[in-house]
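Q: Could you look at this predicted model? Sequence included:
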Amino acid sequence: MPYMRRSRKVWEQAKASNPDLRLWEIGKIIDGCEAALEEESRQRQSCMEKGEPYMSIRPHTATACFQRSHRLINEMLSERVVRRLEAELLQIEERPQEEKRKFLESTDSFNNELKRLCIAAEMAQASEQARRRQEEREQEAAEQAEATHLEEATESQQNGVHGEEGMSTPEDEESRWQGVDKEGTVIVTLALSNSTAWEEPPTGPTPDDEKKE
């Protein structure tokens, strides 16, 4: 019971049970008894001392609480609020779906662009390889044509020389020797004329002639 030290009944009982103790010691005993009592027993004891009932039913308060709770529930779950909440929920659900759709679209566009660039690179590489192969083939064909042309030229020259040697007549040989003789005589005459030009004595009088005179 609360305020047990101020209760006359408790003091009388404590004094009767401990007549030799002083007042402050009796107060300690009453404090220990008060701590040992349970909450319910203390409330019952206080209500019994005051002459009030332990429990009192107040229906008007319970009815007011019930009505207030139902009014709040009705306000929270009214059609207007429910529609607004449904719209908010739909927006919340559509927002990630929209973000997901944008992400998928960007991913698809990136993949398409990557495929296009890869195909363009492959086509460029293939065209470059084809061009190189064509250049190599043209170079090989030109080399082969040049080689065959040289072979044909050498063969034609050899055939022409052999044909001229085989088809030469005695008249051709005679004319050839005459030409050689003419060239040789001309060269010899030129050499002799040059030598005479260098060895021609002076035309003027010499010192010996002057002495004789």
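A: Looks like it came in fine.
Q: Show me this protein divided up by domain.
A: Per the record, the chain has its domains at 1-55, 103-156, by automatic domain parsing.
Q: where along the chain do the helices fall?
A: 8-17, 23-36, 39-50, 59-76, 79-166, 170-199, 207-212 (DSSP state H).
Q: tally of neighbours for residue 33?
A: 15 (other C-beta atoms under 10 Å). For every residue, glycine as well, the C-beta is placed using N, CA and C.
Q: hey, which helix or strand in this structure has the poorest pLDDT?
A: Counting by mean pLDDT, DSSP states H and E, the chain has its least confident helix or strand at helix 170-199, which shows a mean of 48.
Q: My guess is residue 14 contacts residue 30. True?
A: Yes: using C-beta atoms under 8 Å, residue 14 makes contact with residue 30 at a distance of 5.8 Å.
Q: more crowded one of the two?
A: residue 14 (22 against 18).
Q: Tell me, how many residues neighbour the residue lying closest to that one once chain neighbours are set aside?
A: Spatial nearest neighbour of residue 14, excluding adjacent residues (C-beta to C-beta, 6 or more residues apart in numbering): residue 26 at 4.8 Å. A count of neighbours around residue 26, defined by other C-beta under 10 Å, yields 18.
Q: Go ahead and confirm residue 26 touches residue 19.
A: No: checked against C-beta under 8 Å, the pair residue 26 and residue 19 is beyond contact range at 9.9 Å.
Q: thinking again about what came up before, in contact with the residue nearest to residue 14, which residues?
A: 11, 14-15, 18 (C-beta atoms under 8 Å, 6 or more residues apart in numbering).
Q: Pick the most buried one from the domains of the chain.
A: Among these, the stretch with the highest mean neighbour count (mean count of other C-beta atoms under 10 Å) is domain 1-55, at a mean of 12.
Q: pLDDT averaged over that domain, what's the number?
A: For domain 1-55, mean pLDDT is 68.
Q: Then stretch 106-119?
A: Mean predicted lDDT for stretch 106-119 stands at 93.
Q: Grab the CA positions of that stretch and hand them over as CSV.
A: The C-alpha coordinates for stretch 106-119 follow below in CSV (Å, rounded to 0.1, in the frame of the first residue of the first chain):
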residue,chain,number,x,y,z
SER,A,106,19.1,1.6,-74.0
THR,A,107,20.6,-1.9,-73.7
ASP,A,108,19.0,-3.0,-77.0
SER,A,109,20.1,0.2,-78.8
PHE,A,110,23.7,-0.3,-77.5
ASN,A,111,23.7,-3.9,-78.6
ASN,A,112,22.4,-3.0,-82.1
GLU,A,113,25.0,-0.2,-82.4
LEU,A,114,27.7,-2.6,-81.3
LYS,A,115,26.6,-5.3,-83.8
ARG,A,116,26.5,-2.6,-86.6
LEU,A,117,30.0,-1.5,-85.8
CYS,A,118,31.3,-5.1,-85.6
ILE,A,119,29.7,-5.9,-89.0
